[in-house]
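# Give me coordinates for this.
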Amino acid sequence: MLARREFLKAVLAATGGVLLPGVSETLLRGLEPPPVAHAAGPIRVVVVGAGLAGLAAAWELRQRGMAVRVLEARDRVGGRVYTLRRYFAEGQYADLGGEFVDTNHATVLGYMKTLGIPPTKVPRGKNGLFLDGRFKDEDRIDDYGPGIQADVDRFEAQSEWLGTQVPDPRQPWKGPDPTRLDRFSLDEWMDRLKLQPFVKKYLSAWLSGCYATDLRDLSLLMYARDKKVTAHMPAEGELAYRVPGGTSTLAEAFATRLGGAVELEAVVEAVEHDGGGARVHYRRGGRSMVAEGDYVILAVPTTILRTLEFRPGLSPEKQQSVERMAYGGLAKVVLQYSRRAWRRRGYSGFVVTDLPAHCLWEATGNQSGQRGILTCFLGGPDAERLGRMNPRERVESSLAQIERVYPGSRQYFEQGVSIYWNDQRFTRGSYSHYSPGTMTVIGPVIALPEGRLHFAGEHTDMVQGFMEGALASGQRAAAEVGRRAQGLDLASWLLGDQLRRHEHAGRIAAGRG
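Numbers count the residues shown, from 1 in each chain. A predicted model of the protein is given here:
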């Protein structure tokens with residue numbers, strides 16, 4: 001085990017000689033690797049959550065020869081990845097959760113290759129805008145008024161500059177003026193740019209959907225970090241690929257290879273750990289059960305961490321990070337039509353709108369059949385309003401919006417279904433974001449281990465809110481456990497791991513990797 005003084009020296013060296021903001025010495029003690037307590041047999045790890053983060057962690061641990069148990073509360077794997085199958089006609093399907101893969105999502109693409117799942121390119125076509133009650137081609141935004149495109153370009157240029165204010169996306173709190181950027185919301189910054197009202201409305205519709213929250217609740221520092229992460233990605237790299245058969249295919253491929261290690265309908269209630277190991281208490285089939293291990297990886301959203309009992313309790317810094325991580329509203333409504341009327345008009349189906357459904361797109365672009373499915377994507381307050389409707393009202397509301405965008409399409413409607421992720425018992429939210437003033441406080445803490453507990457999930461990664469971030473966080477948590485199980489230094493490795501992945505993803509996005 002590293003001596004206390006040696007450990008802090010390693011941390012200080014890795015962080016430029018100062019403790020990370022918001023990280024106390026008390027919390028850093030949780031990073032010291034406990035003694036390797038080898039009974040006969042491999043290191044045992046309990047993974048809580050069989051979303052992509054937990055599955056990736058379990059996969060990586062298994063590759064290291066460790067014994068793994070994965071406890072999943074749902075009756076399926078995937079978490080916020082969920083493909084709806086055997087519901088629509090002609091065998092068509094739609095993703096109710098995570099769906100797209102960007103060209104710089106190196107971790108997703110790497111696992112797909114390993115698991116023998118070739119990515120499918122999203123078909124390109126003519127996209128649309130529906131703003132102020134008028135439908136226009138995406139590349140003719142100036143039809144809404146003079147100078148509109150120039151103002152959008154100015155916003156994009158300023159956004160790219162903003163990304164340069166974050167030298168290291170894995171530590172955005174270590175830039176020229178992170179506290180000031182964190183204090184502002186993205187909405188306030190847009191106001192300071194004095195954008196044309198129409199331009200702000202258009203950009204807000206798109207970005208509030210992307211982040212699943214009102215832009216007044218989004219830290220400008222987080223937005224700057226995200227612009228840094230995507231700085232090398234060409235425009236066509238966004239929403240570039242899908243997983244054939246739906247994104248659940250990826251989760252199921254992991255689970256198949258993990259076999260009996262994954263226990264479904266296992267609802268975790270408490271986690272305890274001490275010098276002798278860790279114990280996860282859960283209920284399954286009405287019975288109280290315990291999974292024992294040397295380490296635990298908690299790969300669930302902080303909305304679920306808040307419901308668990310920890311013995312001993314989390315440190316004040318860690319508890320604050322769990323309590324203050326924000327989650328917006330997120331909903332999808334998927335509607336099957338007997339004909340793809342949007343294609344008959346020469347469009348791909350992808351539309352940005354100022355309606356409650358911020359974006360529309362075709363879920364079946366890579367699927368055969370005469371029928372087609374349109375996805376209505378809602379984020380933030382609009383998703384929350386939809387969540388208060390009953391299932392029939394949600395479908396009716398979405399049908400009415402699509403009818404405005406594509407007049408006459410309603411006659412082809414056959415069936416639809418919706419999901420509001422905040423109502424899902426084992427999710428209780430969309431994907432995570434930082435509210436103004438929180439990233440510099442809880443960001444340095446959110447991914448740090450405590451004792452024998454390690455943490456994964458998209459909320460702990462720099463590619464936040466994406467399947468890429470979830471998978472990469474599982475990789476990182478498994479690597480942490482691997483190093484600690486060997487009694488190796490963790491601090492400096494932890495701080496350098498994400499930078500290596502970011503640089504690799506940049507090379508892939510630029511066509512050099």
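
# The residue nearest to residue 360 when sequence neighbours are not counted sits in which helix or strand?
Nearest non-adjacent residue to residue 360, counting by C-beta to C-beta, 6 or more residues apart in numbering: residue 351, 4.5 Å away. Any C-beta I mention is one placed from the backbone N, CA and C, and that applies to glycine too. In the assignment (DSSP states H and E), residue 351 maps to strand 347-353.

# what's the following helix or strand after that strand?
Toward the C-terminus, strand 347-353 is succeeded by strand 359-362 as the next helix or strand (DSSP H and E).

# Direction included, what does that next one pair against?
Applying DSSP bridges, strand 359-362 is found paired with strand 347-353 (antiparallel), strand 372-379 (antiparallel).

# before we move on, back to that, list the beta-bridge partners for the residue nearest to residue 360.
If you apply DSSP bridges, the partners that residue 351 bridges to are residue 128, residue 360.

# how about it, what does it touch?
Going by C-beta atoms under 8 Å, 6 or more residues apart in numbering, residue 351 touches 127, 128, 129, 130, 135, 359, 360, 361, 405.

# Just the buried residues from those residues, in PyMOL please.
With 16 or more other C-beta atoms under 10 Å as the criterion, this PyMOL line picks the buried residues out of those:
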select buried, resi 128+129+130+135+359+360+361+405
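
# can you tell me which of the contacts of residue 351 lies nearest to residue 373?
The closest of those to residue 373 turns out to be residue 361 (C-beta to C-beta; 9.7 Å).

# so that closest one makes contact with residue 372?
No. Look at residue 361 against residue 372 with C-beta atoms under 8 Å: they stay out of range, at 10.9 Å.

# what is in contact with those two at once?
Common contacts of residue 361 and residue 372, defined by C-beta under 8 Å, 6+ apart, comprise residue 349.

# What ranges does the stretch 251-400 of the chain have for its helices?
Assigned by DSSP state H, counting those that start in this stretch, the helices in the stretch 251-400 of the chain fall at 302-305, 316-324, 341-344, 381-387, 391-405.

# so which of these is the most packed in?
Mean neighbour counts were compared across the helices of the stretch 251-400 of the chain using mean count of other C-beta atoms under 10 Å; the top stretch is helix 302-305, at a mean of 22.

# That one - what's its average pLDDT?
For helix 302-305, mean pLDDT rounds to 98.

# gap between residue 460 and residue 466?
For residue 460, the distance to residue 466 (C-beta to C-beta, to the nearest Å) stands at 13 Å.

# So these two - more neighbours on which side?
residue 460 (28 against 22; other C-beta atoms under 10 Å).

# Give me the distance from stretch 97-104 to the chain's centre.
10 Å (C-alpha atoms, centre = their mean, to the nearest Å).

# I meant stretch 63-82, not that one.
With C-alpha atoms, centre = their mean, you get 17 Å for stretch 63-82.

# buried set for that stretch?
64, 66, 68-74, 76-82.

# Quick check: residue 70 touching residue 262?
Yes. If you go by C-beta under 8 Å, residue 70 and residue 262 touch, sitting 4.5 Å apart.

# intersection of neighbour lists for the two?
Common neighbours of residue 70 and residue 262 (C-beta under 8 Å, 6+ apart) are 50, 58.

# where does the stretch 401-513 of the chain dip in pLDDT?
Counting by pLDDT under 70, the stretch 401-513 of the chain shows low-confidence ranges at 489-513.

# can we see that at 80?
487-513 (pLDDT under 80).

# Same question for the chain.
Scanning the chain for pLDDT under 80 picks out 1-41, 235-236, 487-513.

# and residue 101, what is it in contact with?
Per C-beta under 8 Å, 6+ apart, neighbours of residue 101: 108, 109, 112, 119, 240, 241, 242, 243, 467, 468.

# how far away is the fourth one from residue 190?
Noted for residue 119: a distance of 34 Å to residue 190, by C-beta to C-beta.

# of those two, who's got more company?
For residue 119 versus residue 190, neighbours defined as other C-beta under 10 Å are more numerous around residue 190 (21 against 17).

# related to what we said a few turns ago, export the contacts of residue 351 to CSV and tack on distance to residue 479?
Converted to CSV, the contacts of residue 351 look like this (distance: C-beta to C-beta, whole Å):
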residue, distance to residue 479
127, 39
128, 44
129, 44
130, 45
135, 49
359, 35
360, 40
361, 35
405, 46
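
# farthest-separated two in the contacts of residue 351?
Maximum distance among these (C-beta to C-beta): 15.2 Å, for 135 and 361.

# picking up where we left off before, output the helices of the stretch 251-400 of the chain in a markdown table; the columns should cover distance to residue 200.
Shown next, in a markdown table, are the helices of the stretch 251-400 of the chain (distance: least, C-beta to C-beta, whole Å):
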| stretch | distance to residue 200 |
| --- | --- |
| helix 302-305 | 30 |
| helix 316-324 | 28 |
| helix 341-344 | 27 |
| helix 381-387 | 17 |
| helix 391-405 | 21 |
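
# and among the strands paired with strand 359-362, the most buried is which?
Stretch with highest mean neighbour count among the strands paired with strand 359-362: strand 372-379 (a mean of 26; mean count of other C-beta under 10 Å).
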